[in-house]
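Novice: Curious how this folds, go ahead:
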Amino acid sequence: MLLAATTSSQNDLIQILELQKKNLIRNISSDEMKSEGFVTINHSFEMLQQMHDMAPHIIIRDDNRIVAYALTMLREFSSLVPTLEPMFDKFESLQWKNRPLNEYRYYVMGQICVDKAYRGKGLFDALYEKHKDVYSPQFDLLVTEIATRNHRSNNAHKRVGFVTINTFRDETDEWNVVAWDFR
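Specialist: This is a model prediction of the structure:
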């Protein structure tokens, strides 16, 4: 039975890292990257634990095995990881509905991944619905960035209700910044 929940143990974080490793852009073929999507950042256990301590991640289990995850990253986390500061700085310069993004209560979805055997079963949407259930009382918006070449992810985020608010290029890739309004 598939069950959406929040992370609650170190074992949960270890399982997230195992699923992440299988889907890292450097660990899959270019054909798989184009057809299935990919994840870019390789988190450490310590980083996931710090993020979890601030706000638990959203997961989907099949019995005791994590088969999908969507990482929760509060804005306060930006100071803990210097490599993420440019992303958070970029977000602070953007607008949502003609108001500066920083005037809204928002947080960042740090990465989303569904095990290949479970794709096409609605788990992506279920992860975001759980995000909304857990975090909409505290936040107005959920914001993230997606590589423009990750067509599967861009299409799935659009389907859920995310809107592109900016596109930019940095030294690693071209990115869409997308936001989902919980209100």
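
Novice: C-alpha from now on. contacts and neighbour counts both.
Specialist: OK.

Novice: can you confirm V67 is in a strand?
Specialist: Yes - checked against DSSP: H, G, I helix; E, B strand; the rest coil, V67 lies within a strand.

Novice: Can you name the element that comes right after the lowest-mean-pLDDT helix or strand in the chain?
Specialist: The helix or strand of the chain with the lowest confidence, counting by mean pLDDT, DSSP states H and E, is helix 30-36 at a mean of 73. Remark: after helix 30-36, the chain's next helix or strand is helix 45-54, criterion DSSP states H and E.

Novice: list the buried ones in that following helix?
Specialist: Of the residues in helix 45-54, those buried by neighbour count under the rule 16 or more other C-alpha atoms under 10 Å are L48, Q49, M51, H52.

Novice: How about stretch 165-178?
Specialist: Neighbour-count burial for stretch 165-178, counted by 16+ other C-alpha under 10 Å, picks out I165, N166, W175, N176, V177, V178.

Novice: Do a quick rundown of the helices in the protein.
Specialist: For the chain, the helices defined by DSSP state H cover 10-23, 30-36, 45-54, 85-92, 123-135, 151-160.

Novice: contacting residues around the closest residue to I60 other than its chain neighbours?
Specialist: Spatial nearest neighbour of I60, excluding adjacent residues (C-alpha to C-alpha, 6 or more residues apart in numbering): A4 at 4.3 Å. Contacts for A4 (C-alpha atoms under 8 Å, 6 or more residues apart in numbering) come out as I58, I59, I60, R61, A126, L127, K130.

Novice: tell me the two of those residues that are most distant?
Specialist: Taking C-alpha to C-alpha, the two most distant members of the contacts of A4 are R61 and K130; they sit 12.8 Å apart.

Novice: Now do the shared contacts for those two.
Specialist: A4, A5.

Novice: Show me the beta-bridge partners of the residue nearest the centre of the chain.
Specialist: Centroid-nearest residue in the chain, with C-alpha atoms, centre = their mean: Q111, separated by 2.8 Å. Counting by DSSP bridges, Q111 is bridged to L71.

Novice: what sits against it?
Specialist: Contact analysis of Q111 by C-alpha under 8 Å, 6+ apart lists V39, Y69, A70, L71, T72.

Novice: Quick check: the first one touching D115?
Specialist: No - with contacts counted by C-alpha atoms under 8 Å, V39 stays clear of D115, the gap being 11.7 Å.

Novice: Neighbour count: these two, which is higher?
Specialist: Counted by other C-alpha atoms under 10 Å, V39 and D115 do not tie: V39 has more neighbours, with 21 against 15.

Novice: tell me, how many neighbours does F162 end up with?
Specialist: Residues near F162, counting by other C-alpha under 10 Å, number 20.

Novice: Verify the contact between it and N176 for me.
Specialist: No - the pair F162 / N176 is not scored as a contact, 10.7 Å apart, by C-alpha under 8 Å.
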